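Enquirer: Requesting a structural model of the entry that follows:
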Amino acid sequence: MKGHPMSEKIVVALGGNALQSKESDGTAESQLAVVKETCSILADLSAEGYEMAIVHGNGPQVGRILLSSETAKDVVPPMPLEVCGAMSEGYIGYHVQQALKHELAKRGLDYPVCTIVTQTIVDDKDPSFSNPTKPIGPFYDEAEAKELEETRGYEMREDKARGGWRRVVASPKPTKIVEIEAVKLLWDKVVVVCAGGGGIPVIERPDGTLEGAAAVIDKDFGAELLAENVDADVLLILTEVEKVAINFGTPEQKDLDHLSLEEAAKYCEEGQFGSGSMLPKVEACMKFVRAYPSKRAIITSLSKAKEALAGKTGTVFTYHC
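Expert: Numbers count the residues shown, from 1 in each chain. The predicted model follows:
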């Protein structure tokens, strides 16, 4: 519970399934319906006594905002990618604020939920600018993907695990959260929604000014950086699967209860995790427990969040075996 000296501090990273159903039509109303279900689970965690900050993804949302902007370019000026990212932070944060505040009140918890539109500094020499890997926007079939490459100049990549093609953009690693002091000031009294979509990527110039970058930061790395900055006890990454697996999607698939740094690094080298899906989650967890050897990071499904924090399920990352 907020402000309690014995509360465990967690940073929760919400995957796309926590914000939008694959079967939905993508409207604001259908997204809000999914967010309401998500916030019921988050409110239960708060009622258990956990202090939390919430980071969310924005791949489908920022892609749609950008596509809308570019489609209407003959009517209104198109917005750059980082501005579309800021728009997604605002409207997803609005949905979470509305739904979570209501769910907290139902449990007798009376404290605010606040979204901070967050900027995150990246290095303009990050190699991802020349090798984009971050998927954004909706899924397309191969013919549609080829047409977008030809007509719009998009770089498209197939996601075989999830069946479809998506646009990919640069995804540089975050180095600093610009608004981190505001997050720290609010922590004891407010559930903060911040670093949405990993934060708005900005480059810091020698004179101290910030300039937006055409990229989307992976929300898992944004959440990890936030967890380090607020000295969190747990980094909790919520996704579609209950546990991390090796040989995923094959008859030899094996779900993992625990991963040490050494084991995780070995599986990464073997290419066990998809670059646009599980790999950044695993790497973010590795980075957190490397920075805080006595703490833990967890990957699990949204529906199993409470059980995973209690040590009953999920994949737990620790420094040693």
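Enquirer: tell me which element Pro206 is part of?
Expert: Using DSSP states H and E, Pro206 sits in no helix or strand.
Enquirer: Mind jotting down where the helices sit in the protein?
Expert: 28-47, 59-71, 81-106, 142-152, 180-186, 219-229, 261-269, 278-291, 305-309 (DSSP state H).
Enquirer: Give me whichever of those is most buried.
Expert: helix 219-229 (a mean of 26; mean count of other Cβ atoms under 10 Å). The C-beta positions use only the backbone N, C-alpha and C, and glycine is treated the same way.
Enquirer: Tell me which residues touch Leu210, please.
Expert: Residues near Leu210 by Cβ atoms under 8 Å, 6 or more residues apart in numbering: 119, 121, 178, 202-204.
Enquirer: List the buried residues of stretch 234-246.
Expert: By 16 or more other Cβ atoms under 10 Å, the buried positions in stretch 234-246 come out as 234-239, 241-246.
Enquirer: which regions of this protein lie under the pLDDT threshold?
Expert: Along the chain, the parts satisfying pLDDT under 70 run over 1-6.
Enquirer: Report the central residue of it.
Expert: Lys219 (3.0 Å; Cα atoms, centre = their mean).
Enquirer: How much space separates that residue from Asp255?
Expert: 23 Å (Cβ to Cβ, to the nearest Å).
Enquirer: Same question for Glu37.
Expert: Distance, Glu37 to Asp255, using Cβ to Cβ: 24 Å.
Enquirer: Chain neighbours aside, what residue packs nearest to Asp44?
Expert: Lys306 (6.0 Å; Cβ to Cβ, 6 or more residues apart in numbering).
Enquirer: show me the contacts for the one you found.
Expert: 41, 44-45, 48.
Enquirer: One more pass at 7 Å, please.
Expert: 44-45, 48 (Cβ atoms under 7 Å, 6 or more residues apart in numbering).
Enquirer: repeat for Glu48
Expert: Lys306.
Enquirer: Kindly recompute the last result at 10 Å.
Expert: 1, 7-8, 306, 309-310 (Cβ atoms under 10 Å, 6 or more residues apart in numbering).
Enquirer: quick one, phi psi at it?
Expert: Here is the backbone geometry of Glu48 (degrees, to the nearest 10): phi -80, psi -10.
Enquirer: Could you check how far it is from Glu181?
Expert: As for Glu48, its distance to Glu181 is 28 Å (criterion: Cβ to Cβ).
Enquirer: Over to Asp231?
Expert: 14 Å.
Enquirer: Same check on Gly208?
Expert: On the measure of Cβ to Cβ, Gly208 and Glu181 end up 16 Å apart.
Enquirer: try Ile298
Expert: For Ile298 relative to Glu181 (Cβ to Cβ), the value is 27 Å.
Enquirer: ditto for Gln119
Expert: In terms of Cβ to Cβ, Gln119 sits 13 Å off from Glu181.
Enquirer: which residues does Pro60 contact?
Expert: 16, 19-20, 22, 26, 31, 88, 135-139, 166.
Enquirer: if we can go back for a sec, any chance of the contacts of Glu48 in a markdown table, plus distance to Ala161?
Expert: Output for the contacts of Glu48, formatted as a markdown table (distance: Cβ to Cβ, whole Å):
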| residue | distance to Ala161 |
| --- | --- |
| Met1 | 39 |
| Ser7 | 37 |
| Glu8 | 33 |
| Lys306 | 27 |
| Leu309 | 27 |
| Ala310 | 29 |
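Enquirer: Quick check, Asp188 in contact with Glu51.
Expert: Yes: if you go by Cβ atoms under 10 Å, Asp188 and Glu51 touch, sitting 8.1 Å apart.
Enquirer: more crowded one of the two?
Expert: Per other Cβ atoms under 10 Å, whichever of Asp188 and Glu51 has more neighbours is Glu51, with 21 against 13.
Enquirer: Just grab the bridge partners of the more buried one for me.
Expert: Lys9 (DSSP bridges).
Enquirer: quick one: it from Val289, how far?
Expert: 20 Å.
Enquirer: ok, the contacts of Glu48 vs Cys114, which is closest?
Expert: For the contacts of Glu48, the minimum distance to Cys114 (Cβ to Cβ) is 16.9 Å, reached by Met1.
Enquirer: Quick one: neighbours of Glu252, just the number.
Expert: For Glu252, the number of neighbouring residues by other Cβ under 10 Å comes to 9.
Enquirer: just checking, it touches Gln272?
Expert: No: between Glu252 and Gln272 there is no contact under Cβ under 10 Å: 11.2 Å.
Enquirer: Residues that sit against both of the two, list them.
Expert: What both Glu252 and Gln272 touch, as defined by Cβ under 10 Å, 6+ apart, is the set 245-246.
Enquirer: just to revisit the earlier point, can you select the buried ones among the contacts of Leu210 for me in PyMOL?
Expert: Buried residues among the contacts of Leu210 (16+ other Cβ under 10 Å), as a PyMOL selection:
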select buried, resi 119+121+178+202+203+204
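Enquirer: among the contacts of Leu210, which are in strands?
Expert: 119, 121, 202-204 (DSSP state E).
Enquirer: Export those residues as JSON lines, with columns for distance to Arg157.
Expert: Shown next, in JSON lines, are the ones in strands among the contacts of Leu210 (distance: Cβ to Cβ, whole Å):
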{"residue": "Gln119", "distance to Arg157": "27"}
{"residue": "Ile121", "distance to Arg157": "26"}
{"residue": "Val202", "distance to Arg157": "25"}
{"residue": "Ile203", "distance to Arg157": "25"}
{"residue": "Glu204", "distance to Arg157": "29"}
